[in-house]
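In: With the sequence up front, the predicted model follows.
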Amino acid sequence: MKITKVKTFVLHVPITPPITDAINVATHWGLSGVRIFTDEGFVGYGYTGTCAQGDEMIVDTIDRYYAPELIGKDPFMVKEIWDSLRFGKMHWIGRAGVTHMALAAVDIALWDIMAKASNKPLWQYLGGHKSKGIKAYNTNGGWLNWSKERLLKDVTEIVEQGFTGVKIKVGKPDPREDYDRVKAVRKAIGDDVIFMIDVNQQWNVNTAMTWGKKLEEFDLFWLEEPLNPDDILGHKKLADELNVPIALGEHVYTKYAFRDYIHHGAVEYCQVDVTRVAGITEWLQVAGLAAAYDVPVCPHVGDMGQIHQHLVAATQGSIMLEYIPWIRDIFVEPATVRNGFYVLPEMPGASTEILPAYFEKYRIR
């Protein structure tokens, strides 16, 4: 099998209503992606997720520097291709961020082709581990721009739908307001529901130490991204001192950074995101590294769960998966949760193929 053509795309899918966390305001979710065509008729879809900003830089990287290197290659040589692109023309100016996310889109498309050609869903092609489904926790009711009343209404409805875990955003200018919201949510959902909070990098070490201690009384499952994601030693201090476990990974872009976090005991739940590290190839390396330290893997869903459902289903140390349904309707086989569990995909591939009507409706490039 040979690659014959590479075509990039950008989709902006509306988020209704718009949401905010401590650092982002999002009205659309961006998919910067690529379709890779082969001489045997298989087409691989790969993409990375954005807040609909910077997409043009990601696809320009693919068009200018990665696509010419792919023509004529065998997609089953995915690791060789990964190395050649990772250490190719863009290595000098970028080993994370834009160039890494562009490589993620390419790599995901290649794994999609391999699974399709093998006539298996990706989770089986990788070697299945969770044949009965994946426990899901829901983030979509806890946005920072929600009023307290709406916050409580949404998290209560999430539990009533069968989810056994919820996550809310914190990071208000006054942490006392965060405390009040966390206290109210715990009371509303009861003691048996898994409850996580996400700071989105807004605290410094002193704030995190003070308020992390205060919030321990609410039996939090984890404290997510409390600090700048480059501050490994700061996270280690929190992990050493707080009783609430530290979770992070959505802004950690390489296996080397994850290695240092894990080795120093600075992360207790590894949220490696396949669209931020350089695709499935690197994601599997990080998951293997986490397994060697018995650190659970609970991915951040920059892909909105389409690809991660396969990876979690194939990974022994991956215990559950975030659920955010913003873009699920655009896919041929959308990620689906029933009674609090992801239903495992049945179609061959990585669940990345987009319905033609939505592809045209939301495509801006």
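Out: Thanks, I have it. Computed from a predicted structure; not experimentally measured.

In: residue nearest the centroid of the protein?
Out: Nearest residue to the geometric centre of the chain (CA atoms, centre = their mean): residue 301, 2.5 Å.

In: For burial, what's the neighbour tally of residue 124?
Out: Residues near residue 124, counting by other CB atoms under 10 Å, number 19. All C-beta spots, glycine's among them, are computed from the backbone N, C-alpha and C.

In: Give me the average confidence score over the strand or helix carrying it.
Out: Element membership for residue 124, per DSSP states H and E: helix 122-125. Looking at helix 122-125 alone, the average pLDDT works out to 98.

In: how far does that helix sit from the chain's center?
Out: Centre-to-centre, helix 122-125 and its host chain are 18 Å apart (CA atoms, centre = their mean, to the nearest Å).

In: Name the next helix or strand following the host helix or strand of residue 31 along the chain.
Out: Element membership of residue 31 [criterion: DSSP H and E] is strand 25-38. Per DSSP H and E, the first helix or strand lying C-terminal to strand 25-38 is strand 43-50.

In: Run me through the strand neighbours of that next one, direction for each.
Out: strand 25-38 (antiparallel) (DSSP bridges).

In: Can you list the buried residues in the partner strand?
Out: 26, 28-38 (16 or more other CB atoms under 10 Å).

In: Compute the number of surrounding residues for residue 340.
Out: The burial count for residue 340: 20, using other CB under 10 Å.

In: From the buried residues of strand 25-38, which one has the minimum pLDDT?
Out: Within these, pLDDT is lowest for residue 26, at 87.

In: I'd assumed residue 20 was in contact with that one.
Out: Yes. Under the contact definition of CB atoms under 8 Å, residue 26 touches residue 20, with a separation of 7.4 Å.

In: one step back: just flag the most distant two among the buried residues of strand 25-38.
Out: Farthest pair in these (CB to CB) is 26 and 38. Separation: 34.4 Å.

In: Quick check, pLDDT for residue 307.
Out: pLDDT at residue 307 comes out at 98.

In: Could you tell me which residues make contact with it?
Out: 108, 122, 274-275, 280, 350-352 (CB atoms under 8 Å, 6 or more residues apart in numbering).

In: before we move on, what about residue 36?
Out: 3, 5-6, 43-44, 46, 70, 75, 106, 109-110, 113.

In: same thing with residue 310?
Out: Neighbours of residue 310 in contact, by CB under 8 Å, 6+ apart: 121-123, 126, 345, 350-351.

In: Follow the chain on from the helix or strand hosting it and name the next helix or strand.
Out: Applying DSSP H and E as the criterion places residue 310 in helix 308-313. Note on helix 308-313: by DSSP H and E, the next helix or strand toward the C-terminus is strand 321-323.

In: quick one: strands adjacent to that following strand?
Out: strand 134-138 (parallel).

In: Just the C-alphas of the strand it pairs with, formatted as PDB.
Out: Output of strand 134-138 as PDB, limited to C-alpha atoms (Å, rounded to 0.1, in the frame of the first residue of the first chain):
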ATOM      1  CA  ILE A 134     -15.100   2.400  29.400                       C
ATOM      2  CA  LYS A 135     -16.200   4.300  32.500                       C
ATOM      3  CA  ALA A 136     -16.900   7.900  31.600                       C
ATOM      4  CA  TYR A 137     -16.900  11.100  33.600                       C
ATOM      5  CA  ASN A 138     -18.600  14.200  32.400                       C
END
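
In: starting at the chain centroid, how far to it?
Out: 13 Å.

In: Which neighbouring elements make contact with the longest helix along the chain?
Out: As assigned by DSSP state H, the longest helix anywhere in the chain is helix 98-117. Secondary-structure packing of helix 98-117 (3 or more CB pairs under 8 Å, 6 or more residues apart in numbering; DSSP states H and E): strand 25-38, strand 43-50, helix 55-61, helix 78-86, helix 122-125, helix 279-292.

In: right, so these: which one is the most enclosed?
Out: With neighbours taken as mean count of other CB atoms under 10 Å, those reach their highest mean count in strand 43-50, at a mean of 26.

In: Outside of the host helix or strand of residue 182 itself, list whatever touches it.
Out: If you go by DSSP H and E, residue 182 is part of helix 175-189. Residues from elsewhere that reach helix 175-189 (CB under 8 Å, 6+ apart): 142, 148, 151-152, 155-156, 159, 166, 168, 170-172, 195, 197, 203, 207, 210-211, 214-215, 218-220.

In: Buried subset of those as a ChimeraX selection?
Out: This is how ChimeraX selects the buried members of the contacts of helix 175-189, with burial counted by 16+ other CB under 10 Å:
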select :142,151,152,155,156,159,166,168,170,171,195,197,203,211,215,218,220
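
In: Okay, and which of the contacts of helix 175-189 map to helices?
Out: 148, 151-152, 155-156, 159, 207, 210-211, 214-215.

In: ok, those residues vs residue 53, which is closest?
Out: Using CB to CB, the ones in helices among the contacts of helix 175-189 come closest to residue 53 at residue 151, 26.1 Å.

In: ok, the closest one touching residue 168?
Out: Yes. At 6.7 Å, residue 151 and residue 168 qualify as touching, with contact defined as CB under 8 Å.

In: Tell me the residues that contact both of those two, please.
Out: Counting by CB under 8 Å, 6+ apart, the residues touching both residue 151 and residue 168 are 141-142, 181, 185.

In: Distance to residue 236 for those residues - can I get that in TSV?
Out: Output for these, formatted as TSV (distance: CB to CB, whole Å):
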residue	distance to residue 236
141	31
142	27
181	28
185	28
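
In: Farthest pair within these?
Out: Maximum distance among the shared contacts of residue 151 and residue 168 (CB to CB): 12.1 Å, for 141 and 181.

In: what is in contact with the two at once?
Out: Contacts common to residue 141 and residue 181, judged by CB under 8 Å, 6+ apart, are 151, 168.
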